[in-house]
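Undergrad: Build me a model:
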Amino acid sequence: MYELLKRAAYPRSSAYDPVWLMTNMMGPCSVWLTEALTADVALAPDLHVVDLGCGKAMSSIFLAREFGVRVTAVDPWISADENEARIADAGLSGIVDAVHADARAYVPPDGGVDGLVSVDAFHYFAQEPGALDVLTDPVKKGGQVAVVVPGLREDGWPTHLAGHWQESFWTFKSVEWWKQLFNGAPGLRVDRVTTVDWGLSEDWISWADACDQWADSVGRQPYELEAAMLRADSQRSLVFVMLNATRL
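TA: Numbers count the residues shown, from 1 in each chain. Model (predicted):
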């Protein structure tokens, strides 16, 4: 099953232990998504980046290891102690710091941060009116905002996927919806909006299949529902929306 996770599209991620990736997963592979999101982001050592909704800090660990940036890993669901232990195991204590907080309540250091990254989480806390301004306010002028979220090519849940609907999918918005949200933020200049195929994607079906096989072998909740949904997406309606912006 591990060979399913060695993907040409994600060369950096392929160097990571597949057991580590699956043990700490909370959905789609956050390391893959972070690699895709940062392909055109200028990250350099000594920059300070906040990772909002970091989950189990996998994206934060990737950012620090691959780019040398300092990361504040903020998450409301995973405790700081749990994430600090994972960060220490990765040899990144003092480079990545874990904070247990809602993204909207994060208090930045004096002077702000150099960049904001959010991987597979922004759709949970950025949709309320005014939330985007609050979330991006800690970023210094000229700093980068990079977000990737699961979404849809067009508005509305696809009829061909009606049988796969889950309550949390109300957060999946279209590419155009996210464009309008970011373009409407006076403090941001939108630099790039792109998508990564999710539905019917060989890469992401391989991820779901590998996770399903691994979960079955260790007694974890299976991934078969996600794999079935991706295979059923004949119209390729499911995508990951990537947004890159600059703080004005």
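
Undergrad: Could I get the full set of strands for this structure?
TA: In chain order, the chain shows strands spanning 48-52, 70-75, 96-100, 113-119, 139-152, 173-174, 188-197, 238-247, with DSSP state E as the criterion.

Undergrad: do you know how far the closest residue to Val99 other than its chain neighbours is from Leu4?
TA: Using CB to CB, 6 or more residues apart in numbering and skipping the chain neighbours, the partner closest in space to Val99 is Val74 (4.7 Å). For every residue, glycine as well, the C-beta is placed using N, CA and C. Relative to Leu4, Val74 is positioned 31 Å away (CB to CB, to the nearest Å).

Undergrad: what does Arg65 give?
TA: Distance of Arg65 to Leu4, given as CB to CB: 23 Å.

Undergrad: And for stretch 94-109, what's in contact with it?
TA: 48, 50, 52-54, 57, 60-61, 64, 70-76, 78-81, 83-84, 87, 90, 118, 121, 125, 131, 134-135, 138 (CB atoms under 8 Å, 6 or more residues apart in numbering).

Undergrad: Where does pLDDT dip in the protein?
TA: Applying pLDDT under 70 to the chain flags the ranges 1.

Undergrad: Tell me where it has helices.
TA: Using DSSP state H, the helices assigned to the chain run over residues 18-23, 30-37, 58-67, 80-89, 122-125, 131-136, 175-183, 202-218, 224-232.

Undergrad: got those helices as JSON lines, with mean neighbour count and distance to Ala146 columns?
TA: JSON lines is the format used below for those (neighbours: other CB atoms under 10 Å; distance: least, CB to CB, whole Å):
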{"stretch": "helix 18-23", "mean neighbour count": "17", "distance to Ala146": "21"}
{"stretch": "helix 30-37", "mean neighbour count": "24", "distance to Ala146": "5"}
{"stretch": "helix 58-67", "mean neighbour count": "25", "distance to Ala146": "10"}
{"stretch": "helix 80-89", "mean neighbour count": "17", "distance to Ala146": "20"}
{"stretch": "helix 122-125", "mean neighbour count": "21", "distance to Ala146": "10"}
{"stretch": "helix 131-136", "mean neighbour count": "18", "distance to Ala146": "11"}
{"stretch": "helix 175-183", "mean neighbour count": "16", "distance to Ala146": "11"}
{"stretch": "helix 202-218", "mean neighbour count": "18", "distance to Ala146": "20"}
{"stretch": "helix 224-232", "mean neighbour count": "17", "distance to Ala146": "24"}
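
Undergrad: possible to save those as JSON lines with distance to Val99?
TA: Below are the helices of the chain laid out as JSON lines (distance: least, CB to CB, whole Å):
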{"stretch": "helix 18-23", "distance to Val99": "22"}
{"stretch": "helix 30-37", "distance to Val99": "17"}
{"stretch": "helix 58-67", "distance to Val99": "10"}
{"stretch": "helix 80-89", "distance to Val99": "6"}
{"stretch": "helix 122-125", "distance to Val99": "15"}
{"stretch": "helix 131-136", "distance to Val99": "14"}
{"stretch": "helix 175-183", "distance to Val99": "25"}
{"stretch": "helix 202-218", "distance to Val99": "28"}
{"stretch": "helix 224-232", "distance to Val99": "29"}
